[in-house]
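*Asks:* coords please:
(one chain, ligands or ions: 1)
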Amino acid sequence: MLQKTSQFMKQANLINGEWVQADSGQTIDVTNPATGLKIGTVPKAGKAETRRAIEAAQQAFLSFRKTSALERSKLLRKLHDAIMDNQDALAELLTLEQGKSLTESKGEIGSSAAYVLWFAEEARRAYGDVVPSPWTDRRVLVTREPVGVIAAITPWNFPSSMLSRKLGPALAAGCTAVVKPASQTPYSGLAWGALCEEVGIPRGVVNIVTGSAGEIGDEICANPLVKKITFTGSTEVGKMLIQKSASTVKKVSMELGGNAPFLVFDDADLDRAVQGAIAAKYRNSGQTCVCTNRFFVQAGIHDKFVEKLAEASKALKVGSGLDAGVQQGPLIDVKAVEKVEEFIADAKAKGGKVVSGGKRHALGGSFFEPTVISGATTDMMFMKEEIFGPLAPVFKFDTEEEAVALANDTEFGLACYFYTGDLGRAFRVMEGLKYGMVGVNEGIITTPEAPFGGVKESGLGREGGHQGLDDYLDTKYVCIGGLGL
Ligand code: ADP
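*Replies:* Purely as a prediction, here's the structure:
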């Protein structure tokens, strides 16, 4: 049972300002991945509850859309402060349900607050245009208005910060929201409801439902009151949501899967590359869509890189996220462990060599050893599929052209990384990579000031940056005639 409680652990849904249970009274159990023990329950809501949440959001929109940008900016700043004032409690709750280390959880809560602050600032800069008119007696105005009710569906790997990137711009723009957190990690999402209440965000502006993903998703897609869906999760579910929401022509933002390559050239700073590799691979136990999926290392530096990467990965402290000094927590569940084992077995069968790790951790449960495999080849599963676990496959290459071609040989295009000391190469490779985000001599690049998002099947739209507000605003052109000028 729960060892540490938090005032933010809400075991109910927030609909129109009321904390409620599912109509059926049914619940879903939430477990701590580090112990396998039940933490608590959340309501198993379905279509009817979702419809009420959407209707409440629509009702709230009628007045929230009329608030001034300055008012919304102030609300968001209060929300930022409330998040930071409660950073420790929110981080503990996050670790409890998700497993990541407390250090990473604090980082995620800090990042959530940072996104909210960014959008508090951006709220006041949703500029339109006054365009030089081609007519002497008419004027041309372009304004931007909130789209209306938005629905946000979020994943379990960053249950707080993925929501901050959606609620931040939604509230900044004057939209209202229905949120569906992932069933594995619902409390970090529900905590946003408590925070919004605390800072005085009006009832019905933020509604949160947990439960049957299919039922909630279907209602969101079919309900014409929902004007936009913002989703972070698998490419498979993302494609389905695009298809289903076509019937009501909704705006969609999709942050989907990645297959990040990490290129290390002979002229790279080796230690810096290894440090970046560890961060870009093992953060959140490898369970992020921007985690490196494939390392491509040039022949001249390859052996040393593999040796140092293996050493550094062996040194990572694995354990319960709540324990001091732990760097890698458990995977989300045993299914995720089995998937990593499948990748390793496939690689071994095709000639890959396990250099370090390679098996379940002695701690049992869903803990897994940080693993490095050398001799990776393009017929191995991880060339095409997202690993989502602490496994680093290393491919060897000879030429720059070959490396860029290998890196681009995927339907995904989210994040990529490369290390080089040559400025010309830095530009050539940066321009050659078909990705939405590129880290040059950096393994962690996410920040609210920059647009996060992918190309190809990795998604649509951007979160963060000034671009992050665009998807929550409709553009309206107004022609004012008969001015008699
Ligand atoms: P992951 O592999 O990260 O669990 P998913 O795409 O399955 O990725 O989950 C991301 C989010 O999408 C979660 O909140 C999940 O509950 C939700 N989801 C899963 N299936 C559906 C669906 N059919 N309709 C709407 N949301 C869904």
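
*Asks:* start to end distance for stretch 315-332?
*Replies:* Its first and final residues considered, stretch 315-332 spans 22 Å by Cα to Cα, to the nearest Å.

*Asks:* ok, is it in contact with the ligand or not?
*Replies:* No: with Cβ under 6 Å from any ligand atom as the criterion, the ligand is not reached by stretch 315-332; the gap is at least 8.1 Å. Placement of C-beta: from N, CA and C, glycine included.

*Asks:* avg pLDDT for that stretch?
*Replies:* Throughout stretch 315-332, pLDDT has a mean value of 95.

*Asks:* which SSE is the closest residue to the ligand within the stretch 151-300 of the chain in?
*Replies:* Residue nearest to the ligand within the stretch 151-300 of the chain: Gly217 (2.3 Å; Cβ to the nearest ligand atom). Assigned by DSSP states H and E, Gly217 falls within helix 213-222.

*Asks:* same question, Trp118
*Replies:* Short version: Trp118 belongs to helix 102-122, going by DSSP H and E.

*Asks:* Pairing partners for the next helix or strand after that helix, with directions?
*Replies:* Counting by DSSP H and E, the next helix or strand C-terminal to helix 102-122 is strand 129-131. Strand pairing for strand 129-131, determined by DSSP bridges: strand 139-146 (antiparallel).

*Asks:* burial count for Gly465?
*Replies:* Residues contacting Gly465 under the criterion other Cβ atoms under 10 Å number 17.

*Asks:* so what's the nearest residue to it once chain neighbours are set aside up against?
*Replies:* Distances taken as Cβ to Cβ, 6 or more residues apart in numbering place Pro451 nearest to Gly465, at 3.5 Å, with adjacent residues excluded. By Cβ atoms under 8 Å, 6 or more residues apart in numbering, Pro451 lies in contact with 436, 462-465, 467-468.

*Asks:* confidence score at the closest residue to Lys359 other than its chain neighbours?
*Replies:* Spatial nearest neighbour of Lys359, chain neighbours left out: Glu369 (5.9 Å); criterion: Cβ to Cβ, 6+ apart. Note on Glu369: pLDDT of 98.

*Asks:* Distance of Glu369 relative to Glu215?
*Replies:* 38 Å (Cβ to Cβ, to the nearest Å).

*Asks:* from memory the residue of the stretch 151-300 of the chain closest to the ligand sits against Ala152, does it?
*Replies:* No: taking contacts as Cβ atoms under 8 Å, Gly217 lies outside contact range of Ala152: 11.8 Å.

*Asks:* show me what contacts the residue nearest to Thr31 when sequence neighbours are not counted?
*Replies:* Leaving aside its chain neighbours, Thr31 sits nearest to Lys38 (5.5 Å; criterion: Cβ to Cβ, 6+ apart). Lys38 is in contact with 1, 29-32, counting by Cβ under 8 Å, 6+ apart.

*Asks:* Closest to the ligand out of the contacts of Pro451?
*Replies:* Glu463 (15.1 Å).

*Asks:* neighbours of that closest one, just the number please.
*Replies:* 26.

*Asks:* Quickly find the element holding the closest residue to it other than its chain neighbours.
*Replies:* Counting by Cβ to Cβ, 6+ apart, Glu463 lies nearest to Arg165, which is 4.0 Å off, once chain neighbours are set aside. Assessed by DSSP H and E, Arg165 sits inside helix 161-173.

*Asks:* Tell me the helices and strands packed up against the helix or strand following that helix.
*Replies:* Per DSSP H and E, helix 161-173 leads on to strand 176-180 as the next helix or strand towards the C-terminus. Judged by 3 or more Cβ pairs under 8 Å, 6 or more residues apart in numbering; DSSP states H and E, the packing partners of strand 176-180 are helix 47-64, strand 149-153, helix 161-173, helix 186-198, strand 206-208, helix 213-222.

*Asks:* As TSV, the ones you listed with mean neighbour count and mean pLDDT would be great.
*Replies:* Listed next are the helices and strands packed on strand 176-180 as TSV, based on neighbours: other Cβ atoms under 10 Å; pLDDT from 0 to 100:
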stretch	mean neighbour count	mean pLDDT
helix 47-64	20	98
strand 149-153	28	98
helix 161-173	28	98
helix 186-198	24	98
strand 206-208	29	98
helix 213-222	19	98
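
*Asks:* May I have stretch 375-382 as PDB, with CA atoms only?
*Replies:* This file holds the C-alpha atoms of stretch 375-382, laid out as PDB (Å, rounded to 0.1, in the frame of the first residue of the first chain):
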ATOM      1  CA  GLY A 375      27.800  -5.200 -34.000                       C
ATOM      2  CA  ALA A 376      24.300  -4.000 -34.700                       C
ATOM      3  CA  THR A 377      23.000  -4.500 -38.300                       C
ATOM      4  CA  THR A 378      20.200  -3.100 -40.300                       C
ATOM      5  CA  ASP A 379      18.200  -6.300 -40.300                       C
ATOM      6  CA  MET A 380      17.800  -6.200 -36.500                       C
ATOM      7  CA  MET A 381      14.500  -5.100 -35.000                       C
ATOM      8  CA  PHE A 382      15.700  -1.900 -33.500                       C
END
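
*Asks:* In that stretch, which residues are buried?
*Replies:* 375-376, 380-382 (16 or more other Cβ atoms under 10 Å).

*Asks:* For this structure, just list every one of the helices.
*Replies:* 47-64, 69-85, 87-98, 102-122, 161-173, 186-198, 213-222, 235-245, 270-282, 299-314, 334-349, 400-408, 423-432 (DSSP state H).

*Asks:* pLDDT weak spots in the chain?
*Replies:* 1-5 (pLDDT under 70).

*Asks:* which residues does the spatially most central residue of it contact?
*Replies:* For the chain, the residue sitting closest to the mean C-alpha position, by Cα atoms, centre = their mean, is Met162 at 4.3 Å. Taking Cβ under 8 Å, 6+ apart, we find Met162 in contact with 154-155, 232, 255.

*Asks:* before we move on, back to that, quick check: of the buried residues of stretch 375-382, which lies closest to Tyr282?
*Replies:* Tyr282 lies nearest to Phe382 out of the buried residues of stretch 375-382, by Cβ to Cβ, at 15.2 Å.
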